[in-house]
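# I need the structure of the sequence given here:
(2 chains)
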Amino acid sequence: MVGRITPLLWLLFSAGGTVAALLFPVHLFLTGLAFPLGWLEAPRYEFLHRLLTHPVIRLYLFVLISLPLFHWAHRFRYTLYDGLQLKHLTELIAVLCYGAALLGTAMTAYLLWNIA
Amino acid sequence: MSAEPRYTLYHPRWYRRRVSVWWWLQNRSYTWFVLRELTSVFVAFFAVVCLWQLRALAQGPETYGQFLARLQTPLFLALDTVAFLFVLFHAITWFNLTPKAMVVRLRGKRVPDWVVIGLNYAAWLVLSGAVAFMLLRG
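Numbers count the residues shown, from 1 in each chain, chains lettered A, B, ... in the order given. Sure thing, here's the model as predicted:
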């Protein structure tokens, strides 16, 4: 099963890696460091909530969260095989990694769909 | 030599030296390789933080306030600092590898590596600026 959809998984890995490379540094710097430490003024709740009503922003957030999760699933899977020599657990690891990425994607879609 | 080769489901047990689980610490380039692979963990970490932020925003101002307070704790500041360094490492290695993963041709000629890499960094700069501009308006 996993073998047959490998090209798709590789595509998701590659797309997610590009999204994470281009967009995560700035988001992580602002949300994780500059705003909590008060270096820059954080956006207000009302402003962010209003942004979320825009369909383009929702699509952006879906891509921003979902694709990097699949990037992680694919890369981490091979890190576990090679790094920890867990080749005998191949299938279990694949199911757990891609399953977690699917779960995160479903949660993101659900939240974005239902935000008032 | 005409006999059909016999295939078995598993390899025969060749003699193999056991490789330590710490094989990647024995050589610096292996260590960099494993560190690069581990950036994915921090990518996932930040994707989950974004998901958590989205949920807090959906639940209302009070929950969102709690989310912001949690990000100010030393634990999250430390995690975010480490994650930021790893995500930067991912971005730089990813951009520099692009010409090796994808050969771009223009009128039959291969576009030089430095052009492909340069375009990546330019896109990075523009997108980072756009995101910062959007978030700093509010």
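
# so where's the chain uncertain?
Going with chain A. Applying pLDDT under 70 to chain A picks out residues A:1-3.

# the intended chain is chain B.
Across chain B, residues meeting the criterion (pLDDT under 70) sit at B:1-2, B:8, B:11-14, B:138.

# where exactly do the helices run in it?
All helices of chain B, identified by DSSP state H, fall at B:28-59, B:61-71, B:74-101, B:113-137.

# give the contact list for residue A:83.
B:21, B:24, B:34, B:37 (CB atoms under 8 Å, 6 or more residues apart in numbering or on different chains). From N, CA and C alone the C-beta is placed, and that goes for glycine too.

# rewinding a little: can you redo the helices of chain B as TSV with mean neighbour count and distance to residue A:48?
Listed next are the helices of chain B as TSV, based on neighbours: other CB atoms under 10 Å in any protein chain shown; distance: least, CB to CB, whole Å:
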stretch	mean neighbour count	distance to residue A:48
helix B:28-59	18	6
helix B:61-71	15	8
helix B:74-101	17	18
helix B:113-137	14	8
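
# between the ones you listed, which one is closest to residue B:10.
Among these, the nearest to residue B:10 by CB to CB is helix B:28-59 (27.7 Å).

# which of the helices of chain B sits closest to residue A:40?
Per CB to CB, nearest to residue A:40 of the helices of chain B: helix B:113-137, 6.5 Å.

# any residue of that closest one up close to chain A?
Yes. Applying CB under 8 Å from any CB of the partner chain, one finds helix B:113-137 touching chain A at B:120, B:123, B:124, B:127, B:128, B:131, B:132, B:134, B:135, B:136, B:137.

# just give me the closest of these to chain A.
Of all the residues of helix B:113-137 next to chain A, residue B:128 has the smallest distance to chain A: 3.9 Å, by CB to the nearest CB.

# ok, the closest one to residue B:74 distance?
For residue B:128, the distance to residue B:74 (CB to CB, to the nearest Å) stands at 27 Å.

# before we move on, the earlier item: and chain A, which of the contacts of residue A:83 contact it?
Within those, those near chain A by CB under 8 Å from any CB are B:21, B:24, B:34, B:37.

# contact partners for the third one?
For residue B:34, the contact set (CB under 8 Å, 6+ apart) comprises A:79, A:83, B:24.

# so how far is residue B:76 from the second one?
Plainly put, residue A:83 is 26 Å away from residue B:76 if you go by CB to CB.

# next one: residue A:66 from residue B:100, what distance?
Distance from residue A:66 to residue B:100, by CB to CB: 26 Å.

# kindly report the same for residue B:47.
26 Å.

# same deal with residue A:40?
Taken as CB to CB, the span from residue A:40 to residue B:100 is 36 Å.

# check residue A:23 too.
22 Å.

# pipe the helices of chain B into CSV and attach distance to residue B:7 per row.
Listed next are the helices of chain B as CSV, based on distance: least, CB to CB, whole Å:
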stretch, distance to residue B:7
helix B:28-59, 33
helix B:61-71, 57
helix B:74-101, 34
helix B:113-137, 42
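
# out of those helices, which is closest to residue A:59?
Closest among the helices of chain B, once you apply CB to CB, is helix B:28-59, at 13.3 Å.

# measure how that closest one sits relative to helix B:74-101, angle-wise.
Orientation note: helix B:28-59 sits at an angle of 120 degrees relative to helix B:74-101 (axes from the mean of the first three to the mean of the last three CA atoms, to 10 degrees).

# between helix B:61-71 and helix B:28-59, find me the angle.
160 degrees.

# now, which of the contacts of residue B:34 sits nearest residue A:93?
residue A:79 (9.9 Å).
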